Structures are given as structure tokens and as C-alpha cells.
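A.B. asks: Got a predicted model here, sequence first, then my questions.
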Amino acid sequence: MCLYVRSSIAMKPMMKKGAVVIAALVLLLTSCGEGTVTERQHVEEAVLLSYTTLLDGRYADYVSLLAGASKRSADYNEQLAANAAMFIEEQQRLHTNIVDVRVADVKIARDGAQAEAYVVLCYADSTNEEIVVPVLKEQGTWKVR
């Protein structure tokens, strides 16, 4: 489409409208940019933090990151930490250790308080295992269940 404008006086209002449209487009595109952290990214961060802590052998810290940690007794948290240690020992025995954890996908429920993270565990023996990790939003923070 071609517009023909006879005088420079008529061009100024058109240029203003064009500038407003361009500015609006720039704002729209930049508002959806990398500066905004999405709920999906929060879920991914919670899952990766939990698994990194687990793989580092900090089992008590791992249990404290789980949903409902403050509501459980100290004895039960100790049992969960012992179970986490046994899980890592078994993975080392079966697959020669987990070397990487990746979040392949995240599905957040309509209520916005529950999610499922599809996690890929990458083992040293070159095998991969995909698991589904339930995640809950607890007091505004995503936590592995």
C-alpha cells in the first residue's frame, strides 16, 4: 500500500501515528522478553534446585526443600533424608551415578498451585530416564512434593 502526501504539514500527523504504533509494538515485544520470569521457570528452578541439592549429598537440605517440610516431625524428616541417601546409592549402583538433570516440560494445573515437571535423569552409563515430578506452590514458592 502506498500513501502519497502532498505537503510536509500533512506528513507530521501521519508520522506521529506511525511513531506511536512503532513505540507500542516495541513495548509489547519487550514486555514479553527475557526480563520476566514465568511460572514455568519458577517450577523448573525449584525442581533443579531440589535435584542439585540431592545429588550434592545434602540430604537434610534436600528434605527441607520439599513441600510440607515445616509440617513434618524431625524424625520423619530424618527418615526422608535416609531414604534420599538410599535412592542415590541405588542409582549409583544401577547406573554409575546421575550426571545431569533436565526439565523437559512443565504442565501447570488450572488452579496455578500444582504442576508436573517432566524430568530427564541422565546417567553416567549413557542411559536416560524420564520421570514425572509433582510440584506444589506453597506460600507463593514452588516446591517438589
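C.D. replies: Received it, and whenever you're ready, just let me know what you need. In this text the structure is predicted, and so the values were computed from the model without any measurement.
A.B. asks: Now stretch 54-68: average pLDDT?
C.D. replies: Per-residue pLDDT over stretch 54-68 has a mean of 95.
A.B. asks: in it, what's buried?
C.D. replies: Buried residues in stretch 54-68, defined by neighbour count with 16 or more other CB atoms under 10 Å: 54-55, 59, 62-67. The way it works is simple: take the backbone N, C-alpha and C, and place the C-beta from them, glycine included.
A.B. asks: Which two among those are spaced furthest apart?
C.D. replies: Spatial extent of the buried residues of stretch 54-68 (CB to CB) is set by the pair 55 and 67 at 19.3 Å.
A.B. asks: And the lowest mean pLDDT element among the helices and strands of this structure?
C.D. replies: Lowest by mean pLDDT, DSSP states H and E among the helices and strands of the chain is helix 8-31, with a mean of 44.
A.B. asks: which residue sits closest to residue 105, ignoring its sequence neighbours?
C.D. replies: residue 118 (4.3 Å; CB to CB, 6 or more residues apart in numbering).
A.B. asks: Mind listing residues that contact the host helix or strand of that neighbour?
C.D. replies: Here residue 118, judged by DSSP states H and E, is contained in strand 114-123. For strand 114-123, the surrounding residues in contact (CB atoms under 8 Å, 6 or more residues apart in numbering) are 39, 43-44, 47, 51, 91, 95-109, 128-137, 142.
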